[in-house]
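Asker: Kindly generate the corresponding structure for this input.
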Amino acid sequence: MENNGRKKTLYILASMFLWLLLSFIAHALIEMWLIGRTLEQGLIPQSTTGPCYLPVIIQILFIASGLVFGYIVGERWWQIVYVEHRHWRYRKKVK
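Answerer: Purely as a prediction, here's the structure:
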């Protein structure tokens with residue numbers, strides 16, 4: 001039983017890491033779009049927080065939402081795959 005708890009913890013941490021990486025990709029895409037739009041208007045992009053052009057609160061929201069969604073998705077996928085056995089491996093082969 002204890003091994004199952006470790007497996008679930010690792011599963012959820014991996015899901016949170018994946019969604020954190022996805023939030024960084026979304027952050028980069030939005031920032032590139034924002035910089036491109038600013039340059040199209042003939043303006044020079046101004047950064048107020050070092051190398052990032054998005055406000056600090058939005059940066060924090062991206063990180064927090066990535067971790068929260070990762071946790072929620074990890075819990076749900078654990079439920080589907082390991083509790084409900086609705087994964088493709090568990091499907092019965094039809095002859």
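Asker: Would you enumerate the residues in contact with the most centrally placed residue in the chain?
Answerer: For the chain, the residue whose C-alpha lies nearest the mean C-alpha position (C-alpha atoms, centre = their mean) is residue 19; its distance is 1.7 Å. When the contact criterion is C-beta atoms under 8 Å, 6 or more residues apart in numbering, the partners of residue 19 are 66-67, 69-70, 73. C-beta coordinates here come from the backbone N, C-alpha and C atoms, glycine included.
Asker: for residue 47, helix, strand, or coil?
Answerer: Counting by DSSP: H, G, I helix; E, B strand; the rest coil, the backbone at residue 47 sits in coil.
Asker: Any idea how many residues pack against the closest residue to it other than its chain neighbours?
Answerer: Distances taken as C-beta to C-beta, 6 or more residues apart in numbering place residue 53 nearest to residue 47, at 5.2 Å, with adjacent residues excluded. Residue 53 is flanked by 17 other residues according to other C-beta atoms under 10 Å.
Asker: how near is residue 53 to residue 32?
Answerer: In this structure, residue 53 lies at 9 Å from residue 32, with C-beta to C-beta, to the nearest Å as the measure.
Asker: Let's have the contacts of residue 19 in JSON lines, adding neighbour count and pLDDT.
Answerer: Listed next are the contacts of residue 19 as JSON lines, based on neighbours: other C-beta atoms under 10 Å; pLDDT from 0 to 100:
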{"residue": "66", "neighbour count": "22", "pLDDT": "96"}
{"residue": "67", "neighbour count": "16", "pLDDT": "96"}
{"residue": "69", "neighbour count": "17", "pLDDT": "96"}
{"residue": "70", "neighbour count": "22", "pLDDT": "96"}
{"residue": "73", "neighbour count": "15", "pLDDT": "95"}
